[in-house]
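Asker: Sharing a sequence plus its predicted fold:
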Amino acid sequence: MNRPYLQLQLLILVFAFTSILGRLITLPAPLLVLWRTALAAVIMFIWLAISKRAPIAMNKGRVLRALGVGVILGLHWMTFFGSIQLANISICLAGLASTSFFTSLTEPLFEKRRLRLGELLLGVMVIPGLLMIAGASWNHAMGLGCALLSALFASIFPVINRKFALDGIAPQSLTLYEMIGAAVTCLVVSTAFGLPWASQLPTPTDGLWLAILVVVCTAWAFSFHIHLLRKFTAFTSNLVMNFEPVYGILLAAMIFREHKELTPLFYLGASLIIVANIIHALIHKNRQSAESGILSAE
């Protein structure tokens with residue numbers, strides 16, 4: 001197994017732990033993400049100013065695009081943590097496993113290429129799995145709906161960030177502006193829903209979990225993800241990311257005993273989604289091998 005792939009697996013484990021922190025923190029989802037992204041932006045700004053490892057300034061067009069990606073990122077994280085708070089970690093992560101299906105739609109759109117029938121058919125295979133999960137915990141249907149929205153948003157920003165990464169833009173600079181865009185989005189949403197963002201401060205315990213979430217799972221992990229996108233396509237990255245539900249559900253079972261809340265139908269549905277993603281990976285690998293063989297022959 002090559003080193004970049006191992007690094008990606010480590011990153012997935014960190015992202016899976018994000019869901020654990022999301023349950024431990026008591027703030028409403030928009031406020032949680034507001035604190036997360038605002039603090040991450042401050043940390044990235046200070047780090048860039050001191051280390052000078054990457055530029056703070058970028059041209060106006062790139063700044064605006066990065067801020068736009070931040071809007072999508074903020075919506076992704078708000079629906080992600082909202083799903084956990086409405087349902088539980090397992091329901092949320094099972095719904096998030098549909099990201100590869102959404103990516104099979106969004107990546108061709110952004111890269112201006114044709115849709116691939118095989119990817120779409122496997123995406124349809126995910127639907128019965130989602131129905132089983134919803135049927136197994138119908139009272140958690142709202143949480144599953146939020147998770148699906150989160151998966152849709154998650155299928156968009158890696159595609160755009162990969163274009164940034166291939167253009168040679170420093171991941172740390174991108175992270176700074178995307179965190180700012182996400183923070184502003186959360187501020188607007190919090191204000192619209194009447195959440196007291198100016199007065200509802202994190203408790204000391206929340207502050208500890210937020211510190212881990214901001215430093216490890218946001219500032220470092222997000223920058224490192226953009227860096228790895230230079231070595232993987234957005235589809236491959238999101239496909240491997242579908243191991244996040246496996247890690248997250250196992251962590252939730254060990255820490256919160258969530259497996260006692262779930263029925264065999266949930267596990268059948270989650271297994272169907274994971275199998276679809278494994279088949280996706282095999283097809284994608286065979287296609288890449290075939291294309292490499294054609295290029296070598298030429």
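Answerer: Perfect, thanks for sending it. Residues are numbered from 1 along each chain as shown.
Asker: what's the offset of stretch 115-135 from the middle of its chain?
Answerer: For stretch 115-135, the separation from the chain centroid amounts to 19 Å (computed by C-alpha atoms, centre = their mean, to the nearest Å).
Asker: So for that stretch, what gets flagged as buried?
Answerer: For stretch 115-135, burial by neighbour count (16 or more other C-beta atoms under 10 Å) applies to 116, 119, 122-123, 125-126, 129-130, 132-134. Placement of C-beta: from N, CA and C, glycine included.
Asker: So which of those sit within helices?
Answerer: 119, 122-123, 125-126, 129-130, 132-134 (DSSP state H).
Asker: three-state assignment of R230?
Answerer: The three-state assignment at R230 reads coil, by DSSP: H, G, I helix; E, B strand; the rest coil.
Asker: show me the contacts for it.
Answerer: By C-beta atoms under 8 Å, 6 or more residues apart in numbering, the residues touching R230 are 162, 165-166.
Asker: Just the buried residues of those.
Answerer: Buried by 16+ other C-beta under 10 Å: 162, 165, out of the contacts of R230.
Asker: just the buried residues of stretch 115-135: which has the poorest pLDDT?
Answerer: Of all the buried residues of stretch 115-135, A134 carries the smallest pLDDT score, 64.
Asker: What is the nearest of the ones in helices among the buried residues of stretch 115-135 to L268?
Answerer: Distance to L268 across those (C-beta to C-beta) is lowest for M132, with 5.6 Å.
Asker: Switch the ones in helices among the buried residues of stretch 115-135 over to JSON lines; also include distance to E178.
Answerer: Converted to JSON lines, these look like this (distance: C-beta to C-beta, whole Å):
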{"residue": "E119", "distance to E178": "27"}
{"residue": "L122", "distance to E178": "30"}
{"residue": "G123", "distance to E178": "27"}
{"residue": "M125", "distance to E178": "32"}
{"residue": "V126", "distance to E178": "28"}
{"residue": "G129", "distance to E178": "31"}
{"residue": "L130", "distance to E178": "29"}
{"residue": "M132", "distance to E178": "35"}
{"residue": "I133", "distance to E178": "30"}
{"residue": "A134", "distance to E178": "32"}
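Asker: Much appreciated, bye for now.
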